[in-house]
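no sequence on this one, just coordinates:
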C-alpha cells in the first residue's frame, strides 16, 4: 500500500478452500488513487506512516494482507501503447491525476463486502484532500473456464513458483 507498506508475503497466492471450515476466499486488489500531492512526489507525514503502519498490522493479524506497495509518481513512469504490432512509449507524467494509482494492497477475504468493511477502516491515504480507494476482484483460474487447459494451468503454476522464488531472493538482498 502507498505509505508504510512493503510486503512481499504470499506473492501470487491463489484462491484457498479451507478444508476445516469449508470457507472459500477470494482475492481483491485495493487501489489507492493518486492525488496532486502524491503525483508531485510529496512523501507522507510521520503521522500518516504511523497510522498506515497500524492499519497494515491489523490486516496482517487478520490474515488478509497478501502484498502491498506504494508507487512512485507517474513522472518516473512510462506507458506503452499497442496498436496492432506497433508499440509507442509515452513517458510520464500523465495528465489525469484521478485516473492514476498511488499504491495498492492485495487482499484475500471472504467477500467484496468484507473488503469494503476493511477499506472503510483505512485512514485517509491523502489527508487534507478528497481521496478514493477502488476495490477490484482478481480473476481466479476457474473464471477462465475450459479455455484455461490443464497445460496452461501447469505452465502458470511453474511461472508462479519461479516468481515466488524470485521475490524471496529479492527480499534477501540488502536494500
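That came through fine. Quick caveat, the model's predicted, so the values are computed rather than measured. Residues are numbered from 1 along each chain as shown.

would you say residue 129 is within a helix?
No. Residue 129 sits outside any helix when classified using DSSP: H, G, I helix; E, B strand; the rest coil, being coil.

and it, what does it touch?
By C-beta atoms under 8 Å, 6 or more residues apart in numbering, the contact list for residue 129 reads 35, 36, 37. Every C-beta, even on glycine, is put in place using the N, C-alpha and C of the backbone.

so which of those comes closest to residue 67?
Nearest to residue 67, judged by C-beta to C-beta, of the contacts of residue 129 is residue 35 at 22.3 Å.

just how off-centre is stretch 81-90 within its chain?
Distance, stretch centre to chain centre, for stretch 81-90: 25 Å (C-alpha atoms, centre = their mean, to the nearest Å).

now do stretch 81-98
Stretch 81-98 has its C-alpha centroid displaced from the chain centroid by 21 Å (C-alpha atoms, centre = their mean).

so residue 55 is in which element?
Following DSSP states H and E, one finds residue 55 within helix 46-61.

for the helix or strand following that helix, packing partners?
Remark: after helix 46-61, the chain's next helix or strand is strand 65-70, criterion DSSP H and E. The contact analysis (3 or more C-beta pairs under 8 Å, 6 or more residues apart in numbering; DSSP states H and E) places strand 65-70 against strand 6-7, helix 46-61, strand 101-109.

most neighbours per residue, which of the ones you listed?
With neighbours taken as mean count of other C-beta atoms under 10 Å, these reach their highest mean count in strand 101-109, at a mean of 22.

picking up where we left off before, ok, of the helices and strands packed on strand 65-70, where does mean pLDDT dip lowest?
Ranked by mean pLDDT, the helices and strands packed on strand 65-70 bottom out at strand 6-7, with a mean of 41.

Pull up the pairing partners for whichever helix or strand comes after that strand, direction included.
With elements assigned by DSSP H and E, the helix or strand that comes after strand 6-7 is strand 26-33. When pairs are called by DSSP bridges, strand 26-33 turns out to pair with strand 101-109 (antiparallel), strand 133-137 (antiparallel).

next one: strand 26-33 to chain centre, how far?
Using C-alpha atoms, centre = their mean, the offset of strand 26-33 from its chain centre is 6 Å.

so can I have TSV of the strands paired with strand 26-33 showing distance to residue 75?
Formatted as TSV, the strands paired with strand 26-33 follow (distance: least, C-beta to C-beta, whole Å):
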stretch	distance to residue 75
strand 101-109	13
strand 133-137	22
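
before we move on, back to that, going by neighbour count, which of the contacts of residue 129 comes out on top?
Compared across the contacts of residue 129, residue 35 has the highest neighbour count, 22 neighbours, by other C-beta atoms under 10 Å.
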